[in-house]
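Novice: fold the stuff below for me.
(one chain, ligands or ions: 1)
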Amino acid sequence: MKVNAKTKLACLIGHPVAHSFSPYIHNFLAEKYGLNLKYMCFDVEPDKVGEALNGFKALGLLGSNVTIPHKVEVMSYLDEVDKNASIIGAVNTIKNEGGRLIGYNTDGVGFVKSVLDEGHEIKGKHIMILGAGGASRAIAIELASRGAAKIIIRNNTISKAEKIAEAVTMNFKGVEAEVGTLNIKEEDLKGVDILINTTPLGMSSKKDLCPIDESIIPPRELVVCDIVYTPHDTKLIKWAESHQLAVVHGIGMLINQALQSFSIWTGIEAEAYEEVIHVLKKEGVLEE
Ligand code: ATR
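Specialist: Predicted coordinates for the structure are as follows:
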């Protein structure tokens, strides 16, 4: 659709933003659903975040995504923050509701959708998360809010794992949390239903690394998820497949977090997963 006097704007703010693939996804979705909406990226200096958000209100933007390094900083300029986003302590999506800016975090939601879409359940499950950065925290909080029974955070810096475990047990009564190092032993996986890698081990420059000792024999029903999406089949995914385990690829979280943001802005629950993959392959973001 051509830009005209009624075109609405959604955007990404971050620093830098030049390598973002979000414009491909959201401009495709806007076209697909016939919306007079465009999506653009703005590189916002850290000391200009407040001005940018006031600009959203002044110009009547539909909403925005927020990326590094502004995910925490934006929270102080919002009128309201969704409960899970507030527990996570980071916002990646903002909706402008008639001049009130409301913050959400769709990272964990996107991850959980990718697991549910593969036919797996969260409720009552014992889940081990490798890594304790922002993605780990968003995923842990979302899993706890969906009724996981136990969340085990494993990370080399134990204090970071402990902070996430604390946020889980303080906010979700009845959810157990445990921490440990990344040195996973075969017996540590006994009783674990879902294993999730949120460390960069396995991604392009570290593609020969696996966050799990590959000689470990996993439990037969373990579901193995990696949030790394390049390469598509990481060492961890290959290890899981060599033991005939169910896997969830990183691409699922990537696409579902974007679909969830689009739904927050437009109210449209886009059924466009495969089409978005096609768009990202065509643009060279994903390998064919
Ligand atoms: P994000 O916020 O995107 O989740 P991050 O904050 O960089 O990413 O977090 C990555 C996680 O992977 C961190 O928990 C980090 O461990 P530390 O807390 O000990 O720093 C972990 N990580 C990063 N590189 C790693 C490596 N080479 N080996 C093991 N863990 C690593």
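
Novice: do stretch 122-134 and the ligand meet at all?
Specialist: Yes - residues of stretch 122-134 contacting the ligand under C-beta under 6 Å from any ligand atom: 131-134. No exception for glycine: its C-beta is placed from N, CA and C like everyone else's.

Novice: reformat these as a markdown table; add neighbour count and secondary structure.
Specialist: Formatted as a markdown table, the residues of stretch 122-134 next to the ligand follow (neighbours: other C-beta atoms under 10 Å; DSSP: H, G, I helix; E, B strand; the rest coil):
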| residue | neighbour count | secondary structure |
| --- | --- | --- |
| 131 | 26 | coil |
| 132 | 26 | coil |
| 133 | 14 | coil |
| 134 | 18 | helix |
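
Novice: a markdown table for these, including distance to residue 216 and pLDDT?
Specialist: Formatted as a markdown table, the residues of stretch 122-134 next to the ligand follow (distance: C-beta to C-beta, whole Å; pLDDT from 0 to 100):
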| residue | distance to residue 216 | pLDDT |
| --- | --- | --- |
| 131 | 18 | 98 |
| 132 | 21 | 98 |
| 133 | 23 | 96 |
| 134 | 27 | 95 |
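
Novice: between those, which is nearest the ligand?
Specialist: Lowest distance from the ligand to these (C-beta to the nearest ligand atom) belongs to residue 133, with 2.1 Å.

Novice: you'd agree that closest one is up against residue 157?
Specialist: No - at 9.7 Å, residue 133 and residue 157 do not qualify as touching, with contact defined as C-beta atoms under 8 Å.

Novice: dump the helix or strand harbouring residue 141 to CSV, restricted to CA.
Specialist: Following DSSP states H and E, the helix or strand that holds residue 141 is helix 134-145. Provided in CSV are the C-alpha atoms of helix 134-145 (Å, rounded to 0.1, in the frame of the first residue of the first chain):
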residue,chain,number,x,y,z
GLY,A,134,17.8,-11.3,29.2
ALA,A,135,16.3,-14.0,27.0
SER,A,136,16.6,-16.6,29.8
ARG,A,137,14.8,-14.2,32.2
ALA,A,138,12.0,-13.5,29.8
ILE,A,139,11.5,-17.2,29.0
ALA,A,140,11.7,-18.3,32.7
ILE,A,141,9.1,-15.8,33.8
GLU,A,142,6.7,-16.7,31.0
LEU,A,143,7.1,-20.4,31.7
ALA,A,144,6.5,-19.8,35.4
SER,A,145,3.3,-17.8,34.6
